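K.L.:
Sequence first, then the predicted structure, then my questions.
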Amino acid sequence: MRSGRRVPGFTLVEQMVAAAILAVATLGALEYQYYAAAMGRIASGQIAAGRVAHLLLVDWKSTGGSLEYDPAGLGLGFSAGCAIPAGFTTPAGLGAALNSAVYGITLDNLPMLAMLKYQDVDQDTQAQTTLRQLAVIVRFAQVDAGGGMSTPESRFAGLAPIIFVTYVRLDGSDG
C-alpha cells in the first residue's frame, strides 16, 4: 500500500544542480589561486630586480661614478658586458650607457638584464666639481642568439623596467 505522502529527501535533479554549483565555485577558487600564485611570482621577481638595481647603484656610487665600473667584477654572478640587444629601450634623459653594454644575471631562475647609464648634469668650474647622474635599468629578459632580447615567461613580457637613479659629486681632487 502506498500512502499519498512523499518521503523527505533530495531528488536526483536537485543533487545534480547542487553538484554543478559546487563545481563552478571550486573552479572559480582554483582560478583565483592560480592568479594569486602568478602575481606572487611577478612580485618576487620585481623585488629581486629592485635589489639588483639597488646593489649596482650603491656599489657604482661608492666608486664615485667611475666610467671604468664593471659589475662582472663583483663576483656575484653578473655576466661580462655584452652589446645592448635590440629592443632594450630606456626612458629619455638618463644619459649614455656605461661601456655601451648590458650585464646579465639570473636570480630565482629568472634572467635579468641590467644597463647602467650616466650623464653629467651640472658643473662648477670654480669649485672643480661635477654632478653626475647614475641610473640602473633592470629588465626581465636575456640576450638571445640573434643579439635580440627574449623574455623568460610571458607574464614578464609587458612589465615596465625597474629604474633607480641617484647622483654623485665628482671632485677635481678625486676625493
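P.N.:
Yep, that arrived. Model, not experiment: these values are computed from the prediction.
K.L.:
Could you use CA atoms for every contact and neighbour count after this?
P.N.:
Will do.
K.L.:
where along this protein do the strands fall?
P.N.:
82-83, 96-107, 110-124, 129-139, 142-143, 149-150, 162-171 (DSSP state E).
K.L.:
Looking at the ones you listed, which is nearest to residue 27?
P.N.:
strand 110-124 (29.2 Å; CA to CA).
K.L.:
Now do that closest one against strand 162-171: the angle between them, please.
P.N.:
30 degrees (axes from the mean of the first three to the mean of the last three CA atoms, to 10 degrees).
K.L.:
angle of strand 110-124 against strand 96-107?
P.N.:
150 degrees.
K.L.:
contacts for strand 110-124?
P.N.:
Applying CA atoms under 8 Å, 6 or more residues apart in numbering, the contact partners of strand 110-124 are 45, 49, 53, 94-98, 101-106, 129-142, 152.
K.L.:
quick one: strands adjacent to the helix or strand of the chain with the lowest mean pLDDT?
P.N.:
Least confident helix or strand, the chain: strand 149-150 with a mean of 76, by mean pLDDT, DSSP states H and E. Sheet pairing of strand 149-150 (DSSP bridges) gives strand 142-143 (antiparallel).
K.L.:
Show residues contacting the strand it pairs with.
P.N.:
85, 104, 111-113, 149-152.
K.L.:
Among those residues, name the buried ones.
P.N.:
85, 104, 111-113, 149-151 (16 or more other CA atoms under 10 Å).
K.L.:
Between all of these, which two are separated the most?
P.N.:
85 and 111 (14.2 Å).
K.L.:
how many other residues sit next to residue 116?
P.N.:
29 (other CA atoms under 10 Å).
K.L.:
give me the beta-bridge partners of it?
P.N.:
residue 136.
K.L.:
Low-confidence ranges, the protein, go.
P.N.:
1-4, 7, 145-147, 172-175 (pLDDT under 70).
K.L.:
Same list, the buried ones among the contacts of strand 142-143, but as CSV with distance to residue 162 please.
P.N.:
Output for the buried ones among the contacts of strand 142-143, formatted as CSV (distance: CA to CA, whole Å):
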residue, distance to residue 162
85, 17
104, 14
111, 14
112, 11
113, 11
149, 16
150, 17
151, 15
